[in-house]
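predicted coordinates and the sequence they were generated for:
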Amino acid sequence: GFSPRAHYPVYGLAEATLIVTGGRQGDGPKVVVFDKKGLEQRRAVVAENGEAGRELVGCGAALGDQKLAIVDPETSRVCKSGEIGEVWVHGPSVAQGYWRRPEETARTFGARIAETGEGPFLRTGDLGFVHDGQLFIAGRIKDLIIIRGVNYYPQDLELTSERSHPSLRVGSAAAFAIEVDGEEQLVIAQELEFRQKPDVDEVTAAIREAIVDEHGILPYAVVLVKPGRIPKTSSGKIQRFACRQKYLDGTLDVVGEWRADQVPATEPEKKESQAEAAVAAPGKSKKEIEDWLVQQLAARLKVPPEKIDRKEPFARYGLDSVQAIGLAGDLEAWLGRPLSPTLAYDYPNVEALATHLSGTASEETEVSAGEEKIENEPIAVVGLSCRFPGAPDADAFWRLLRDGVDAIREVPPSRWDVDELYDPDPDAPGKMMTRWGGFVDDVDRFDATFFGISPREATEMDPQQRLLLEVTWEALESAGVNPEKLRGSRTGVFVGVSSNDYSVLQHGDLERVSAYTGTGNAFSITANRLSYLLDLRGPSMAVDTACSTSLVTVHLAARSLRNHETDLAIVGGVNLILSPELTIALSHARMMSPEGRCKTFDASADGYVRGEGCGVVVLKRLSDAVRDNDNILAVIRGSAVNQDGRSNGLTAPNGLAQQEVIRAALADARVSPEDVDYVEAHGTGTILGDPIEVKSLAEVMKGRTKEKPCLIGSVKTNIGHLESAAGIAGLIKVVLSLHHGEIPPHLHFKQINPHIPIDELPFEIPTELRPWKTNGKPRLAGVSSFGFGGTNAHVVLEEAPRRELPPNDPERPLHVLTASAKDPEALRELAGRLGRFVSEREEVALADVAYTLNTGRSHFEHRLALPAGDREKVAQVLLDFESGKIPADLRTGSLAEQPEPRVAFLFTGQGAQYVGMGKELYETQPTFRRALDRCNEILADKLGQPLLSVMWGEDGTEGLIDETAYTQPALFAIEYGLLELWRSWGLEPQFVAGHSIGEYVAALAAGVFDLEDALTLVYHRGRLMQSLPKDGEMAAVFAGLEEV
């Protein structure tokens, strides 16, 4: 390509006869990243590693007799070192002035230094500074935008704008300020690409979000303009002043516009006085605070209240620092108590802030000294998902394994031209000796809006990060875990990642570098982004130990869970092959198989074939998983990690180290080598590595006979060597094998490697699908993964414990089946997938499907619900909805269509009782049953008769339900059970009221007293009323006070 040293950066202008500063030929440009906030404050400070910065290119030093001065344009005093000022130039090549323009000549060419009178100098109008002997230009004085005392350089804002959405034209944005109500406001005018007809709301929102995210300021207006309509000079420079005039005159050729003062917004509720607020503050519920914040945000940001998502960060809506402080001030006055002005940063969304202020935040329970820890507690695998070659999900992966499918194929053209780069000679410069690999489809596709990521940031993200987000979400759904319920929890993220091909593809293209480039390509962010998006508070780390990477993450996660550092762990590995460099390097190292297959254990083994993919498992302590009634797929009994130190070479395998790590893992699992039924070998398929691994395993299992063989195999024969995702691929294979009770066939095995004396060893290699016999004991397996740098890992897995199912509850005739998505089209697609699942998976009960969908999924804006009783009918209704029909039994809705309603519970009084009330709910709803059982228990030694018998007229209690002493406790119990049932479904009342005995349930719901006190009061109330004389009457008089 074009050598960077061929560039010769200079600075000059016509008034100085073109050139003023320059570098030396051959030195190349000097590029320095300066702190962005510092530049806004006119200070040139080099950015620390990892900090957001702005790249500037040095223009060299003053040439010849030219003299530079950096001067404060307001005071004409020389700036201190590191300060940004106007560039002044003095020298023999500076012109004498402008022809026949004496006033402008005096103003521009006659400048003098205030302190010394030195001069005359040419005032260039450029802002700059000197760093390390070179001049750096920061912008133009007349283009500088100053809003609320902060300097914004228009070229920075324009660059951010044009990169915010794919439909925007590069180099065709203008940023300028206009005055609105006596205050400077920012306007962004941006050209669209040719033949683009995008959604105006989507594109303007992307620009606003990007500007706020990078610069901390919300534009007053965002204008989309037809291509070629932004005014430019003949050399292509943006004419910002001319663009500003066209905007103010209304002569810009506008396609669409967003403007703050044109968006309908609901006025915020009338503010209470501070005294009123102080009195009311203790009673402010989370819902009240949320509603107030939504109204305030909508009014401040000029957006409709329904556009405010209570879980999205404030920054998403353009709340800049000044507005955040103003919001905190108003909130302080409304609540009547002092608040920190940085609240919006500590609690960055409506829900989090309201939860904090209402005092309803659930404190994370720390492990106390007295809390029992189970030594070497097994770890449960409660969920998993994967994208592997030939397998877009876990079910497809199991079918691939079970059917013995080889998923290797030629390198697709979307990656590189394999014909151009292939050469069978491993020493051919710049060539690779293989044409093969295991590839995953559609790695260039990503639903950024689903994860709340702007299109601009998504393009800068390594596809490995994007793939990991998708597979993690699927793994959590597999585990029946609603991601929303993980917010603030001690959930750890342990991710294996080694390659950085995406960064290699971007290498050297400085024009593409943005604020998102660093986070988009950093290994650490691969894990940290998951923790950020899901608001997880446990450890979050990316690990790289080469081929053993993702199995090492499993070991680290298990340790974290055992130490109670985390309560849930998201564990995985990801690897994508996007550029050819590493394959070429591995070819020269003679690690690649020319035939493109891992022929593990076979005599023809000649190296490995690279593969890509992502696998994620969700882990919990076994005791927690059993307590929570999770669907346990397998159990991790033990694990170990070690290093082979100074072995026979940096990348050479070491048999002794392999033996040690396997023995350590078995000891950690507290199992004998003789108990292991199957070992998923590292098995790369090399003529030397395979025998070393098998002999090491044989040493560990010394004493075991052929009569009780251990089966060995490797998933690399199916999908290739996934490198940093290899360990998790092997682990997922074994988990699925344990779950299904079958051992898949090992491929490409025809004749044993001559260096493996298989007849003398207690091993068999399964070449066809085998049932996994138990012999009366739990199935047990090992998984090995050895890094080519010497870090080894081994994990011991056991089949899931047999679950003791609770006694069957009476089957309910109907269930409510729900589903949701972030847009209507996605909802229809989801309905179709659910319909096919319900139709094909008859072994899965509708009750279980409904339960998982209702409790184990996030509930998004667009929703559907239907009664589920008949399987065929449910499947047909869902498939009809996918095809565009609106079935009568199905209901749909959108949260954006109406504000969240306020809920009131009204509890009835005496007279509503009847024999058998609540019996069906008691039999079919566990929450309702527990509530009534608790009431029955409290009254057991008071009432004289079992409460439930009275309610249902059983065991000689007929008629007691209508006696006040029994009526009132029975009604209270029923209403309390209903309260708990509705709450379990997520309905929390904002208002409660009651009549007669219902007043006591309402008071309980409001927190006036606890259940035992309330029920005791009700019991005595009923008893006392029952003791009154039966004679007498009650009348209702409909008249005014005076008449009565």
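In hand now; what should we look at?

now for the lengthiest strand in the chain, which elements pack on it?
When the chain is parsed with DSSP state E, its longest strand is strand 168-180. If you count contacts as 3 or more Cβ pairs under 8 Å, 6 or more residues apart in numbering; DSSP states H and E, strand 168-180 packs onto strand 145-147, helix 154-162, strand 183-192, helix 240-249. Bear in mind the C-beta positions are built from the backbone N, C-alpha and C, glycine included.

show me the domain layout of this protein.
10-142, 145-259, 304-358, 379-799, 815-897, 904-1027 (the TED database).

so which of those is the most surrounded?
Stretch with highest mean neighbour count among these: domain 379-799 (a mean of 21; mean count of other Cβ atoms under 10 Å).

picking that back up, put together CSV for the domains of the chain, with distance to residue 1037 and mean pLDDT on each row.
As requested, the domains of the chain are arranged in CSV below (distance: least, Cβ to Cβ, whole Å; pLDDT from 0 to 100):
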stretch, distance to residue 1037, mean pLDDT
domain 10-142, 75, 90
domain 145-259, 61, 89
domain 304-358, 43, 80
domain 379-799, 53, 93
domain 815-897, 45, 89
domain 904-1027, 18, 91
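
may I see these organised as TSV, with distance to residue 1042 added?
TSV is the format used below for the domains of the chain (distance: least, Cβ to Cβ, whole Å):
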stretch	distance to residue 1042
domain 10-142	74
domain 145-259	58
domain 304-358	42
domain 379-799	58
domain 815-897	50
domain 904-1027	26
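
between these, which gets nearest to residue 1035?
domain 904-1027 (15.7 Å; Cβ to Cβ).

endpoints of the closest one, how far apart?
34 Å (Cα to Cα, to the nearest Å).

so how far is it off the chain centroid?
Its chain's C-alpha centre and that of domain 904-1027 lie 44 Å apart, by Cα atoms, centre = their mean, to the nearest Å.

next, the angle strand 183-192 makes with the longest strand of the chain.
When axes from the mean of the first three to the mean of the last three Cα atoms, to 10 degrees is applied, the directions of strand 168-180 and strand 183-192 differ by 160 degrees.

which residue ranges of the stretch 501-650 of the chain form strands?
With DSSP state E, counting those that start in this stretch, the ranges of strands along the stretch 501-650 of the chain come out as 540-543, 568-575, 613-621, 634-643.

Serialize these to TSV and add fields for distance to residue 98.
Below are the strands of the stretch 501-650 of the chain laid out as TSV (distance: least, Cβ to Cβ, whole Å):
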stretch	distance to residue 98
strand 540-543	60
strand 568-575	62
strand 613-621	64
strand 634-643	73
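
nearest to residue 432, out of these?
strand 568-575 (17.3 Å).

from the chain's centroid, how far away is stretch 1015-1033?
Per Cα atoms, centre = their mean, the centroid offset for stretch 1015-1033 relative to its chain is 58 Å.

out of the helices and strands packed on strand 168-180, which is closest to residue 700?
Here helix 154-162 is closest among the helices and strands packed on strand 168-180 (Cβ to Cβ), at 57.9 Å.

who touches the closest one?
Residues outside helix 154-162 that contact it (Cβ atoms under 8 Å, 6 or more residues apart in numbering): 36, 54, 139, 143-145, 168-176, 186, 188, 190, 207, 210-211, 214-215, 238, 240, 514-515.
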